[in-house]
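[1] model the structure of this input:
(4 chains)
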Number of protein chains: 2
Amino acid sequence: MSRMAAGERRERLVDAAIAVMVREGVSAATTRAIVAEADMPLGSFHYCFRSKEELLGEVIEVITGHTLERALSEVVGEGELEERLRRGMRAYWQHVVEEPDEHRLTYELTQYAARQSGLAVVAERQYQTYLAANTRLIEALTDAEGKRLEWDAPVPVLARYVTAVLDGVTLLYLNEGNAAAAGEALDLVALHVAGLARRA
Amino acid sequence: MSRMAAGERRERLVDAAIAVMVREGVSAATTRAIVAEADMPLGSFHYCFRSKEELLGEVIEVITGHTLERALSEVVGEGELEERLRRGMRAYWQHVVEEPDEHRLTYELTQYAARQSGLAVVAERQYQTYLAANTRLIEALTDAEGKRLEWDAPVPVLARYVTAVLDGVTLLYLNEGNAAAAGEALDLVALHVAGLARRA
DNA sequence: CGCCGTCTTGGACGTACGACCAAGACGCTT
DNA sequence: AAGCGTCTTGGTCGTACGTCCAAGACGGCG
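    Predicted structure coming up:
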């Protein structure tokens, strides 16, 4: 392997780890499988990372970022509240249907992290990030169009509702495979949430 | 260990496996940890089970049964549709709050099974069982009170919606820990579903 | 009592894993 | 050119795992 800064090698190993995990699951991502995917000798792993746990922490942060970028960028824009909401959800949903294995991995990683005392903090932060994102989403919906809207339910409850539904529908699709029916269930939610908004 | 029929030993090993998994996760449930929990010598394991995979199949079936019994028994009964629906959901929710680790295990097992080619069928059947149960739940709601109700959305979509929300809210609570907010989100759903029913 | 199928058990085998190390190669600075 | 910090690498250590086996113990039936 050509000479390379330790930092860049770290990034490559993180990418390789994600590739292996998406393809074969977290448990298949052994140090040996990861360095093989990155085409590096085994020794480089523990030169770049103190432990496998340290690498997993970075993997989780990278993956969480991927997921969030999508939906948020879509809810801001033109149109009625219901239209924008539906557009944001469809953007998220499209990503799920296109890259199901990547989403399967996020759930797997969360559970793996929750069981490891050293990574439990990371798992909690992951969900708080999701909640914060959906809170911002809901607030972005009310603020647009120059008109101030109010909700029939408290924003924290709404945020949890949206977070939970997205997670639940995704999980159901991943395990059952019926994308059409799951998508319809999401539309039902979009309609519901839009109906909860009222003009102040 | 006293002499015992192979069938009974199987049951004890399944119970022991569940105990270990609830306490420490699926990955900690090694053959050695399981027989230690059951207070048996290692050799008994492969006398009772062809492989560890065979045991896991039985574990999943037992656990799935546990979860379902709760909610279903509550929706049939006296009262308005919304009241019965809320009661069923609260029954399920109470079980989640009382035994979070058992629910965490169901998700863990589903993912584990989905990755194993030999157990993928079991994972799929698990979710089809959930869907079937929630379909029956919805139909039970319409049939009661002697009046026939109809829904503003197709029953299969409703069933997926309910399944997904229960899963999602549970998962969120398990990872975030805010039981009160999650419970309120469930109430929001009960109200929503009740509103979707109309008298024919 | 003696047979035979069922059950019991301690130990062993091969494999795979995370982690570690020492010896050397590289390349920038002085 | 010499020195030195950074990076590279193959090999190895101890541990833990799933699985298998052979030798024996038990107990119901003829």
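[2] what does chain A have sitting close to DNA strand D?
    A:1-7, A:9, A:40-44, A:47 (Cβ under 7 Å from any atom of the strand). Glycine gets a C-beta too; all of them are placed from N, C-alpha and C.
[3] what subset of the residues you listed is buried?
    A:9, A:40, A:44 (16 or more other Cβ atoms under 10 Å in any protein chain shown).
[4] out of the residues you listed, which is nearest to DNA strand C?
    Closest approach to DNA strand C among these (Cβ to the nearest atom of the strand): residue A:44, at 8.7 Å.
[5] who's in contact with that closest one?
    A:1, A:9, A:13, A:35 (Cβ atoms under 8 Å, 6 or more residues apart in numbering or on different chains).
[6] number of nearby residues for the third one?
    The one in question is residue A:13. Residue A:13 has 23 neighbouring residues, counting by other Cβ atoms under 10 Å in any protein chain shown.
[7] pLDDT at it, what is it?
    With respect to pLDDT, residue A:13 has a value of 98.
[8] with adjacent residues omitted, what lies nearest to it?
    residue A:38 (5.5 Å; Cβ to Cβ, 6 or more residues apart in numbering or on different chains).
[9] related to what we said a few turns ago, now, the buried ones among the residues of chain A next to DNA strand D that are in helices?
    Using DSSP state H, A:9, A:44 are the members of these that sit in helices.
[10] what distance do you get for the closest residue to chain B within chain A to residue A:189?
    Per Cβ to the nearest Cβ, residue A:168 is where chain A lies closest to chain B, at 2.7 Å. The gap separating residue A:168 from residue A:189 is 10 Å, by Cβ to Cβ, to the nearest Å.
[11] same thing with residue A:18?
    Distance from residue A:18 to residue A:189, by Cβ to Cβ: 29 Å.
[12] more neighbours: which of the two?
    residue A:189 (24 against 21).
[13] the more buried one reaches residue A:165, doesn't it?
    Yes: counting by Cβ atoms under 8 Å, residue A:165 is a contact partner of residue A:189 at 5.1 Å.
[14] name the nearest residue to residue A:26, sequence neighbours excluded.
    Per Cβ to Cβ, 6+ apart, closest to residue A:26 is residue A:108, 4.9 Å.
[15] would you tell me what helix or strand that neighbour is located in?
    When elements are assigned from DSSP states H and E, residue A:108 belongs to helix A:100-115.
[16] buried stuff in that helix?
    A:100, A:102-115.
[17] and stretch A:119-129, by the same measure?
    A:119, A:122, A:123, A:124, A:126, A:127.
[18] between the helix or strand where the third one lies and helix A:100-115, how many degrees?
    By that I understand residue A:123. Using DSSP H and E, residue A:123 maps to helix A:120-143. With axes from the mean of the first three to the mean of the last three Cα atoms, to 10 degrees applied, the angle from helix A:120-143 to helix A:100-115 works out at 130 degrees.
[19] so is helix A:120-143 next to chain B?
    Yes: if you take Cβ under 8 Å from any Cβ of the partner chain as the test, helix A:120-143 does meet chain B, through A:123, A:124, A:126, A:127, A:128, A:131.
[20] redo these as JSON lines? Include pLDDT.
    Output for the residues of helix A:120-143 next to chain B, formatted as JSON lines (pLDDT from 0 to 100):
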{"residue": "A:123", "pLDDT": "90"}
{"residue": "A:124", "pLDDT": "89"}
{"residue": "A:126", "pLDDT": "90"}
{"residue": "A:127", "pLDDT": "90"}
{"residue": "A:128", "pLDDT": "92"}
{"residue": "A:131", "pLDDT": "93"}
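[21] what's the closest of the residues you listed to residue A:29?
    residue A:123 (17.0 Å; Cβ to Cβ).
[22] not including adjacent chain positions, what is the nearest residue to the most centrally placed residue in chain A?
    Centroid-nearest residue in chain A, with Cα atoms, centre = their mean: residue A:67, separated by 3.4 Å. Spatial nearest neighbour of residue A:67, chain neighbours left out: residue A:106 (6.2 Å); criterion: Cβ to Cβ, 6+ apart.
[23] now that the one you found has come up, it's in contact with residue A:63, right?
    Yes: when contacts are counted by Cβ under 8 Å, residue A:106 is listed as touching residue A:63 (5.6 Å).
[24] just give me the neighbour total for the nearest residue to residue A:21 once chain neighbours are set aside.
    Once flanking residues are discounted, residue A:21 sits nearest to residue A:29: 4.8 Å by Cβ to Cβ, 6+ apart. Close neighbours of residue A:29, defined as other Cβ under 10 Å, add up to 25.
[25] let me see the contact set for residue A:29.
    A:17, A:20, A:21.
[26] could I get the phi/psi values of it?
    Residue A:29 has phi and psi values of phi -80, psi 70 when expressed as degrees, to the nearest 10.
[27] hang on, residue A:198 in a helix?
    No: Residue A:198 is assigned strand when assessed by DSSP: H, G, I helix; E, B strand; the rest coil, not a helix.
[28] look up the closest residue to it, ignoring the ones flanking it.
    residue A:150 (6.0 Å).
[29] again with residue A:55
    Residue A:55's closest residue in space is residue A:49 (Cβ to Cβ, 6+ apart), at 4.7 Å.
[30] centre of the chain to stretch A:141-155, how far?
    Relative to its chain's centre, stretch A:141-155 lies at 25 Å (Cα atoms, centre = their mean, to the nearest Å).
[31] now render the contacts of residue A:29 as a markdown table, adding pLDDT, distance to DNA strand C and neighbour count.
    Listed next are these as a markdown table, based on pLDDT from 0 to 100; distance: Cβ to the nearest atom of the strand, whole Å; neighbours: other Cβ atoms under 10 Å in any protein chain shown:
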| residue | pLDDT | distance to DNA strand C | neighbour count |
| --- | --- | --- | --- |
| A:17 | 98 | 10 | 26 |
| A:20 | 98 | 11 | 19 |
| A:21 | 98 | 12 | 26 |
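[32] between these, which sits nearest DNA strand D?
    Distances from DNA strand D to the contacts of residue A:29, taken by Cβ to the nearest atom of the strand, are shortest for residue A:17, at 16.7 Å.
[33] from residue A:31, how far off is residue A:41?
    Taken as Cβ to Cβ, the span from residue A:41 to residue A:31 is 11 Å.
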